[in-house]
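1. 3D, please:
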Amino acid sequence: MSKIIVFTDLHILPIGKTIIGLDPYARLAAGIDHATKIHPDADRIVCTGDLTHRGDADSYLRLAELLDRTHIPVSLLIGNHDSRETFLSCFPDVSVDPNGFVQSVLDVGDWRLVFLDTLNAPPYEFPETYSGYLCPARLEWLQGQLREAGDRPVLLFLHHPPHDIGFPGMDAIKLKNGPALYDVIGRFNCVKHLVAGHVHRTISGSHRGVPFNIFKSPCHQMPMNMDSMDVSLSVDEPAAYGILLTTPTGVLAHSEDYEIAIADVGTSHEALGAGAAAE
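-> Below is the predicted model of the structure:
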């Protein structure tokens, strides 16, 4: 069994900047520290895009500094709030595909992790480029990786959900060509699970027979308003990360609201009745 920690939608900003009064850097730092302490055996941390809020070098360098505090190796994806060019200038060792997209594969245990680059264009041209897109070159690369995977099970990571998730505003800026992605997936029998971000909520389900998970952000969350077209709404709900356990027969997914966990860990024995038993 392998363990993968998932952070998504980090939205790191320069020093002193906040989002609805929240400091994305401080919130992520607490999450990285928590995951490192509680899950020192994790095989990987995967960050599924929107690493920064404005795609600027200062924020990417702050993120690089923050990630140095964990011994767990990290894989980084980009999302619609990122700048591919600036990201690669700040993380020059990140793997890219032959066309320069931030796409790569990694074998962890018996599973193959495939990381996709769904960034449509430079950020801040809302709403068109807030959507994700996989151009023919990226889809062709994916097809080659799935063919090469053979019988090895694949866990697919990307920023934009490739299908509707029940929030009309976010559904309007999902992966624009999700059916094309699923057509590629359907040509093979190796993609067993899909992980996305973008929505700032914890969501699970399946689409065209493929189970998926989306996790909350370590910073701000999308309100649970399933009728709104407004994607700019944000609320201060507990920060979270995902925990994936790969097994010979599938994937187990957990979500850790680590701010709550930090506050409650001291009383967990009382909740289990240990205190009363001791008396």
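
2. Could you list the low-pLDDT ranges of the stretch 151-279 of the chain?
-> Applying pLDDT under 70 to the stretch 151-279 of the chain picks out residues 230-232, 261-279.

3. so where do the strands sit in this structure?
-> 2-7, 44-48, 74-77, 104-108, 111-115, 154-157, 191-196, 203-207, 210-214, 241-247, 250-256 (DSSP state E).

4. Turn those strands into a markdown table, including mean neighbour count and distance to Leu67.
-> All C-beta atoms are positioned from the backbone trio N, CA, C, and that covers glycine. Below are those laid out as a markdown table (neighbours: other Cβ atoms under 10 Å; distance: least, Cβ to Cβ, whole Å):
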| stretch | mean neighbour count | distance to Leu67 |
| --- | --- | --- |
| strand 2-7 | 23 | 10 |
| strand 44-48 | 24 | 8 |
| strand 74-77 | 22 | 5 |
| strand 104-108 | 17 | 16 |
| strand 111-115 | 23 | 16 |
| strand 154-157 | 23 | 17 |
| strand 191-196 | 24 | 19 |
| strand 203-207 | 14 | 26 |
| strand 210-214 | 19 | 22 |
| strand 241-247 | 20 | 13 |
| strand 250-256 | 16 | 18 |
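
5. For Tyr130, find the nearest of these.
-> Closest to Tyr130 of these, according to Cβ to Cβ: strand 191-196, at 14.4 Å.

6. Check which helices and strands the closest one sits against.
-> strand 44-48, strand 154-157, strand 210-214, strand 241-247, strand 250-256 (3 or more Cβ pairs under 8 Å, 6 or more residues apart in numbering; DSSP states H and E).

7. Including distance to Ile165, could those strands go into TSV?
-> Shown next, in TSV, are those (distance: least, Cβ to Cβ, whole Å):
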stretch	distance to Ile165
strand 44-48	14
strand 154-157	16
strand 210-214	7
strand 241-247	15
strand 250-256	15
